[in-house]
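Peer 1: Following is a predicted model, sequence given first.
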Amino acid sequence: MNGTAGCDTTATSSCEMDLSEVLQSEIQYLRNKVKELESENAKLSALLSNCHCQQGNDASSTLESRGLVEEVGRLNLGCKEVNMRKTKEINSGHCTTAMLDLPKRYVALKIMYFGQRFYGFASEAQMDPTVESEVFKALDKTRLIFGNKKELQYSRCGRTDKGVSSVGQVIALYLRSNLKQFKGNNGCCGENVGEIDYVRVLNKVLPVDIRVLGWSPVPIDFSARFSCLSRVYKYFFWRGNLDVMAMETASQKFVGEHDFRNFCKMDAANVHNYRRHIISFEMFPCNESFESDQLWVMKIRGSAFLWHQIRCMVAVLFLIGQGFESPNVIDLLLDIERMPRKPQYIMAPEIPLVLQCCEFEGVTFFCSSDAKQALHEHLVRECLSYKVQATIFHEALLSFSSTEYDNDVMKTRTRRKEASYVPLMSRPTEPSYEERRTKLDARIQTRE
């Protein structure tokens, strides 16, 4: 997938057609508003016509008559101004007042994205683009939202890091609806016949590396983050010379509830509890091979995860698979009393990590047959495109002439790497949570 966003000329025309319905609703709203003002104008005009001022009346009667005339004038001017202002708002695409009066419902969206070009999912990141920022651009463009994130009651299930992909991220927020019974704060389930095809509408304007896979009506107390029962991640890797049996043995030591502060990037300012529950940890081969190598995957299910936790666990498993560490090193790193400080090591790369799914109770995602067909065709095109790119790299690899000298150099480098390896338990350590927290508190007191 490439990083091209937005619509071409044909797609733009389709997007405009999708907006016709909401524009018609807004125009009807304006017509009703003008009728209300005209009715009020007529009442004041009738009152003015029935006002018979005698010549001998005092100044107050004259002033009252003039006041009625001025009020009628203001109403006439108000009608014109409202009509002109709302017409201008519709033409410019900013229909905030009218939009706020449209039906809406609380909806969960299931989203996939290829994370290679994004600086993570959350738009709070200091760099662009992020997946979340692109999703909200599409929501704005299709006029499916109105108001800020707080007004939309927005929530997200996970904050995947830079380069990480997902085929099952979930967000929840209020979206414009075609069904009037969902107007206001009534958000839950019901008949969906005639509802906006959220998947089709959004996928028309999203970048090619982001797609909405389905949507589901959810109750207004639903939170994509806190209502999630479990999250499943997959980490893909080529087996090579790794001892996968030793890695599998070590991986089972993660299962259960443990303090994972030695398997994450510590955030002492926001996280105070580093205990997490790993429900299952599986390793198995995929139906994909290259030359004599086999693609494998680690599948990790947990209730929640810490910052960089998956990549840190995988990094240590790779050291075990290479024979640099024993599976027992997992027990030592999970023992916070014996190992209160995390030894320094490099995390596993981010590109092979995928958020597979977020699991909820009673939430079923669906999309129309038209949207499903368009989605399938899009994914097939992208898969074929990547296969072409992989073929080009393979051709380059075949054209590379490897000599005995090159092989000898690689062997020498491997021996040097093995000889210079420093065991985890002998490496310098990072500051403990208590040390980080003390330093942070001291910094806060100094500012105060």
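Peer 2: Yep, it's here.
Peer 1: Tell me where the protein is predicted with low confidence.
Peer 2: 1-30, 33-34, 44-101, 125, 181-191, 400-419, 448 (pLDDT under 70).
Peer 1: domain parsing for it?
Peer 2: Domain segmentation of the chain under automatic domain parsing yields 14-50+59-99, 103-217, 230-361+420-441.
Peer 1: Which one of those lies nearest to Ala371?
Peer 2: The closest of these to Ala371 is domain 103-217. By C-beta to C-beta, the value is 4.0 Å. Every residue, glycine included, has its C-beta placed from N, CA and C.
Peer 1: Could you give the separation of stretch 133-142 from the chain centroid?
Peer 2: Centre-to-centre, stretch 133-142 and its host chain are 11 Å apart (C-alpha atoms, centre = their mean, to the nearest Å).
Peer 1: what's the answer for stretch 109-117, then?
Peer 2: Mean-position distance between stretch 109-117 and its chain equals 8 Å (C-alpha atoms, centre = their mean).
Peer 1: Out of the domains of the chain, which is closest to Arg381?
Peer 2: The closest of the domains of the chain to Arg381 is domain 103-217. By C-beta to C-beta, the value is 8.7 Å.
Peer 1: can you pull out the helices in the stretch 251-400 of the chain?
Peer 2: In the stretch 251-400 of the chain, the segments counted as helices under DSSP state H, counting those that start in this stretch are 309-321, 329-334, 369-399.
Peer 1: So which bits of the second one are buried?
Peer 2: For helix 329-334, the neighbour count (16 or more other C-beta atoms under 10 Å) marks Val329, Ile330, Leu333, Leu334 as buried.
Peer 1: Distance to Phe121 added to those, as a markdown table?
Peer 2: Putting the buried residues of helix 329-334 into a markdown table (distance: C-beta to C-beta, whole Å) gives the following:
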| residue | distance to Phe121 |
| --- | --- |
| Val329 | 31 |
| Ile330 | 29 |
| Leu333 | 28 |
| Leu334 | 28 |
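Peer 1: before we move on, the earlier item: got the helices of the stretch 251-400 of the chain as TSV, with distance to Phe236 columns?
Peer 2: Listed next are these as TSV, based on distance: least, C-beta to C-beta, whole Å:
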stretch	distance to Phe236
helix 309-321	10
helix 329-334	21
helix 369-399	14
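Peer 1: So for Ala268, which of those sits nearest?
Peer 2: Closest approach to Ala268 among the helices of the stretch 251-400 of the chain is made by helix 309-321 (15.5 Å; C-beta to C-beta).
Peer 1: how far is that closest one from where the chain is centred?
Peer 2: Per C-alpha atoms, centre = their mean, the centroid offset for helix 309-321 relative to its chain is 26 Å.
Peer 1: who touches the longest strand belonging to the chain?
Peer 2: Counting by DSSP state E, the longest strand found in the chain is strand 275-290. Outside strand 275-290, the residues that touch it by C-beta atoms under 8 Å, 6 or more residues apart in numbering are 230, 236, 238-239, 244, 247-248, 251-252, 254-260, 294-306, 309.
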